[in-house]
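J.: sequence unknown, structure follows:
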């Protein structure tokens, strides 16, 4: 552990450099630049809320806030894990030339996605202010939920990054997994419309607990359920442990396959 901490300190400047580089690449030649991190969730919320408010007619109070809270959190998962997935294969030239801790690459992708997510919270705040959602002391749970979710995404990102080096089909398969995950998570629909057969499936979905607890603390002003918070902790710790273990076991062979 001491070696890992010392190694991280020595190469921590790389996180800043790679994150800054990704920002420049993403918003290069864009007139609005970083503002798109705020505008994108707003535009998507408007489109989806029109569809599900007037066509499918889900009767959810403050549906726009309900939607954007779930949507932005899922987008963070999607962006971070999709980027981490190809972080090793996409940095093959650099890895072959210079020694550096290989976990820096997926960690940077997740960190970059988290910074983007943090910026998108400006859009969440604007929507909450428009609908006059009161702020309560339950907001103290938000940093805990986001920290656990960051760890969950990092663990999944490490796992996907390692597996993708050896099986490139994962890049295509994960797109299908994310699509299925979207519909198996109550992002744009209420969980109570699900049949009794599907409810156990939803309860086994870690993303459901993260989003539901986030909505409890931010939208509904209630204390997140203790068992649900425990599910978040177990999911985050378990996924991080699995991802770190797989990545550590396989990293010495990356150079042979990238």
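T.: Happy to help now that I have it. In this text the structure is predicted, and so the values were computed from the model without any measurement. Numbers count the residues shown, from 1 in each chain.

J.: For the stretch 151-258 of the chain, which segments count as helices?
T.: Counting by DSSP state H, counting those that start in this stretch, residue ranges of the helices within the stretch 151-258 of the chain are 170-183, 199-203, 206-218, 226-250, 254-257.

J.: mind listing what's buried in the first one?
T.: Taking 16 or more other C-beta atoms under 10 Å as the basis for neighbour counts, the residues of helix 170-183 that come out buried are 170, 174, 181. Where you see a C-beta, it was placed from the backbone N, CA and C, and this is true even at glycine.

J.: about what we covered before: format the helices of the stretch 151-258 of the chain as a markdown table; extra columns: distance to residue 86 and mean pLDDT.
T.: What follows is the helices of the stretch 151-258 of the chain, written out as a markdown table (distance: least, C-beta to C-beta, whole Å; pLDDT from 0 to 100):
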| stretch | distance to residue 86 | mean pLDDT |
| --- | --- | --- |
| helix 170-183 | 6 | 91 |
| helix 199-203 | 29 | 83 |
| helix 206-218 | 21 | 95 |
| helix 226-250 | 14 | 95 |
| helix 254-257 | 13 | 84 |
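
J.: Out of those, indicate the one that is most buried.
T.: Comparing those by mean neighbour count (mean count of other C-beta atoms under 10 Å), helix 206-218 ranks first with a mean of 22.

J.: Low-confidence ranges, the stretch 1-150 of the chain, go.
T.: Low-confidence regions of the stretch 1-150 of the chain, defined here as pLDDT under 70, cover residues 1-11, 23, 26-37, 48-58.

J.: To residue 84, which of the helices of the stretch 151-258 of the chain lies closest?
T.: Nearest to residue 84 among the helices of the stretch 151-258 of the chain is helix 226-250; the distance by C-beta to C-beta comes to 9.3 Å.

J.: what's the distance between that closest one and the middle of its chain?
T.: Once both centres are worked out by C-alpha atoms, centre = their mean, to the nearest Å, helix 226-250 turns out to sit 14 Å from its chain's centre.

J.: try stretch 162-170
T.: On C-alpha atoms, centre = their mean, the centre of stretch 162-170 falls 20 Å from that of its chain.

J.: in that stretch, what's buried?
T.: Residues of stretch 162-170 classed as buried by neighbour count (16+ other C-beta under 10 Å): 162, 163, 164, 165, 170.

J.: okay if I get the helices of the stretch 151-258 of the chain as TSV plus distance to residue 157?
T.: Formatted as TSV, the helices of the stretch 151-258 of the chain follow (distance: least, C-beta to C-beta, whole Å):
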stretch	distance to residue 157
helix 170-183	11
helix 199-203	23
helix 206-218	14
helix 226-250	7
helix 254-257	15
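
J.: out of the ones you listed, which comes closest to residue 147?
T.: Nearest of these to residue 147, taken as C-beta to C-beta: helix 226-250 at 8.2 Å.

J.: Give the other helices and strands that the closest one contacts.
T.: With contacts defined as 3 or more C-beta pairs under 8 Å, 6 or more residues apart in numbering; DSSP states H and E, the packing partners of helix 226-250 are helix 141-166, helix 206-218.

J.: so which of those comes closest to residue 25?
T.: For those, proximity to residue 25 was assessed by C-beta to C-beta; helix 141-166 is nearest, at 18.6 Å.

J.: The closest one relative to helix 206-218, how many degrees between them?
T.: Here helix 141-166 runs at an angle of 160 degrees relative to helix 206-218 (axes from the mean of the first three to the mean of the last three C-alpha atoms, to 10 degrees).

J.: ok, now which ones touch residue 87?
T.: Residues touching residue 87, when contacts are defined by C-beta atoms under 8 Å, 6 or more residues apart in numbering, comprise 105, 106, 108, 109, 157, 161.

J.: mind checking how far the most centrally placed residue in the chain is from residue 157?
T.: By C-alpha atoms, centre = their mean, the chain has its centre lying nearest to residue 77, at 2.2 Å. The spacing between residue 77 and residue 157, counted by C-beta to C-beta, to the nearest Å, is 10 Å.

J.: quick one on the thing from earlier: between the contacts of residue 87, which is closest to residue 70?
T.: Nearest to residue 70 among the contacts of residue 87: residue 157, at 20.3 Å, using C-beta to C-beta.
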